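Asker: Sequence first, predicted coordinates after that:
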Amino acid sequence: MIVVTTSQRTPEWLDARLGHVTSSRASDLLATLKSGKGEAAGRRNYRLQLVLERITGRSQETGFVSAAMQQGTDREAAALARYEALTGNLLQATGFIAHDTLLAGCSPDGVIHDYEGIAEIKCPQPATHWEYLKTGRIPTEYAQQIVHALWITGAAWCDWLSYNPDFPPSLQTKLVRLVRDEAEVASYELLVRQFLTEVDAETQAVLAMAAA
């Protein structure tokens, strides 16, 4: 892997991610139609986004930040501190971690013990946090993101934490560990490679049209 040591959400971080499959979009890459025929819109749109980023050299992220998203960002530092207090694990900040040969990467919220583990921290709205407390499970979308990050980093596990300070102290956090499954990671890597082959082919087709 290649570690780009720049702070997350900065222009340099966005540049490092250009044209790369990232963990935050793993669910789009894996999207399928119930019928099993054709391509899901989320997957198609994500492929086009990566093609455009490679051709234009500019991020296609909208940059939209809702009030709920901003609140989550504002609470992130407190959530990271809570994780460290709960586990005794000190989190190492990181920027963008890229695969050494593929245009793929991730940006974990923290790295533990020199990539033995990683952490993903969420600060959801109360109703969503309550659902996490009740189920005790990592939602599918986030589990897919974690598999992607485990693949890129080589980490053995990921601690996923949901934090909401509006709840009573004993209910403010839900911590779940997802342990690396080598078969799952290998299967996921094959799907990423296929997706990137499609992105490459479409990029080359557009460039060929431009050169004609």
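Answerer: Sure, I can see it. Residues are numbered from 1 along each chain as shown.
Asker: Going by C-alpha atoms from here, please, whenever you check contacts or count neighbours.
Answerer: Noted.
Asker: Low-confidence stretches in the chain?
Answerer: 63-65, 72 (pLDDT under 70).
Asker: Mind jotting down where the strands sit in it?
Answerer: Assigned by DSSP state E, the strands in the chain fall at 2-4, 21-22, 96-98, 104-106, 110-112, 117-122, 157-163, 173-179.
Asker: Quick one: closest of the ones you listed to residue 185.
Answerer: Among those, the nearest to residue 185 by C-alpha to C-alpha is strand 173-179 (10.9 Å).
Asker: In its sheet, which strands sit next to the closest one, and in what direction?
Answerer: Note on strand 173-179: by DSSP bridges, its sheet partners are strand 157-163 (antiparallel).
Asker: Now do the partner strand against strand 117-122, angle only.
Answerer: Here strand 157-163 points in a direction 20 degrees away from that of strand 117-122 (axes from the mean of the first three to the mean of the last three C-alpha atoms, to 10 degrees).
Asker: what's the burial count for residue 46?
Answerer: Other residues near residue 46 come to 18 when the count uses other C-alpha atoms under 10 Å.
Asker: tell me the contacts of the nearest residue to it once chain neighbours are set aside?
Answerer: With sequence-adjacent residues excluded and distances taken as C-alpha to C-alpha, 6 or more residues apart in numbering, residue 46 is closest to residue 28, at 6.6 Å. Taking C-alpha atoms under 8 Å, 6 or more residues apart in numbering as the criterion, residue 28 is in contact with 42, 43, 46.
Asker: Compute the number of surrounding residues for residue 198.
Answerer: 15.
Asker: Find the nearest non-adjacent residue to it, please.
Answerer: Nearest non-adjacent residue to residue 198 (C-alpha to C-alpha, 6+ apart): residue 47, at 7.8 Å.
Asker: Do I have it right that the one you found meets residue 199?
Answerer: Yes - using C-alpha atoms under 8 Å, residue 47 makes contact with residue 199 at a distance of 5.8 Å.
Asker: Check which residues of the lengthiest helix in the chain are buried.
Answerer: Of all the elements of type helix in the chain, the one with the most residues (DSSP state H) is helix 182-211. Burial within helix 182-211, assessed by neighbour count using 16 or more other C-alpha atoms under 10 Å, is assigned to 185, 188, 189, 192, 195, 196, 199, 200, 202, 203.
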